[in-house]
Structures are given as C-alpha cells and as structure tokens.
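Asker: this one's sequence-less:
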Ligand code: PCA
C-alpha cells in the first residue's frame, strides 16, 4: 500500500519548513511490510496548495494521505481532529494574499473530521518518547485549507482511502537564540514515520482484502 505525505515550502521569513524537511526524508521509504511512503511538496499558497495535493493524489493513488505543516510555537507533534470550511488569517500566503472569512468550498459542510487513527498515533508516539498531543484546531490558514480540501476530495471519491493532517513544531535550527519550543528534525521524521505505520494498520483493518485479489 501507498502513503502520501505532503510538506510545505517555507513562509513567514523562515528559510525552511520542518514539514517538508521531514517528509522529504521519508520519500521512497518502505516503512513496514507492504507500506511505501511518498512525499510531495506544496506551495504555501491557498488554492494552489490544495490543488497540488489533489493532483499528487491522482498521480500516486495513495491509500492513506497525511498532510503535514509547521505549527510554530507548539512543542508536540499534533494530529489534527477537524478541518473547517473557512480561510481567515492576517498573515499573507506566499503570493501575498490575505483571506478574511472566506469559504473554501461553497456549499461544502462546515467541517470534516480526520479519518486517521489520531488517538493511536498520539499513543504510539508517546510510547516512543516523542511529544505528541491531539489538536482540536488546524487554524484557518493554508494548512487548514489543504486539510479541508483533502477531506472534501475523499468524501467525493468514496474510495478506500483515509486521510488527515498533522502539525509539527519548529526544528531546533529555526529557534536558535529564541525561547520557542522545537524538536530535532530526526524526532519529527521518526514520529511521522510511526504515524504513517499506525495509519497503514488502521487502513488495513478497515479495507484489507486478500492479497491475491488486490
Ligand atoms: N503551516 C501553515 C501553512 C503552511 C505551514 O507549514 C499553517 O499552519 O497553516
């Protein structure tokens, strides 16, 4: 089975984005028996990011899709519970666009829940000694737009796919000289890899078919 992980380009004056730095190190990795990881890089631009992820989904045809983004200031790896149908931030995207109370998908539902095994992911990461916590808000910036767009796409297709979003803290290099929480890159990489394996198990429990008829 295939798992697609997305990461973002840097923004807000940063020279890197830990989401892309982490997922690019997982591209092509066999995370478990019959589990191959793929990474795709998204622009930090509202519509383009959402469309780019859907294009990658069409090309790769993954069973599990995990969007990943930077949440500067958080100290844990945080699977997101819910995506909301609104973009609203005083911060511009990388095209300089500021969105105010904008609906992402007109006539779409107010929110979608993640279909990743979030509680299991938090539990597995904690057992590995990696700080992890369920988050109840992915915000209303570009990450939430990608997360909402992903869940909307999955709801339209009705295929045997699960998906969701995980925010990660800054990596240590980004916070030198500042009193802001961070994690070493390798910890984030290991955490996302474990989250992918936990998700593959959840997918298999839900959709597993005998190998010979796949
Ligand atoms: N974090 C931003 C957008 C891109 C990213 O890595 C967010 O949380 O919306």
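Answerer: Great, that's in hand. Given the structure is predicted, the values throughout are model-derived calculations rather than measurements.
Asker: just the buried positions in the longest helix anywhere in the chain, please.
Answerer: For the chain, the longest helix by residue count, based on DSSP state H, is helix 185-207. Within helix 185-207, the residues that qualify as buried are 185, 187-200, 202-204, counting by 16 or more other Cβ atoms under 10 Å. Where you see a C-beta, it was placed from the backbone N, CA and C, and this is true even at glycine.
Asker: pLDDT averaged over that helix - what is it?
Answerer: In this model, helix 185-207 has a mean pLDDT of 97.
Asker: packing partners of it?
Answerer: Contacts defined by 3 or more Cβ pairs under 8 Å, 6 or more residues apart in numbering; DSSP states H and E place helix 185-207 against strand 2-8, helix 18-24, strand 30-32, strand 35-42, strand 64-70, helix 118-127, strand 162-168.
Asker: make CSV out of those and add distance to residue 112.
Answerer: Below are the helices and strands packed on helix 185-207 laid out as CSV (distance: least, Cβ to Cβ, whole Å):
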stretch, distance to residue 112
strand 2-8, 17
helix 18-24, 20
strand 30-32, 25
strand 35-42, 18
strand 64-70, 12
helix 118-127, 13
strand 162-168, 9
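Asker: mean neighbour count for these - can I get that in CSV?
Answerer: Output for the helices and strands packed on helix 185-207, formatted as CSV (neighbours: other Cβ atoms under 10 Å):
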stretch, mean neighbour count
strand 2-8, 24
helix 18-24, 25
strand 30-32, 15
strand 35-42, 21
strand 64-70, 28
helix 118-127, 18
strand 162-168, 27
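Asker: dump these to a markdown table, plus distance to the ligand and mean pLDDT.
Answerer: Below are those laid out as a markdown table (distance: least, Cβ to the nearest ligand atom, whole Å; pLDDT from 0 to 100):
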| stretch | distance to the ligand | mean pLDDT |
| --- | --- | --- |
| strand 2-8 | 4 | 98 |
| helix 18-24 | 5 | 98 |
| strand 30-32 | 22 | 97 |
| strand 35-42 | 8 | 98 |
| strand 64-70 | 3 | 98 |
| helix 118-127 | 17 | 98 |
| strand 162-168 | 6 | 98 |
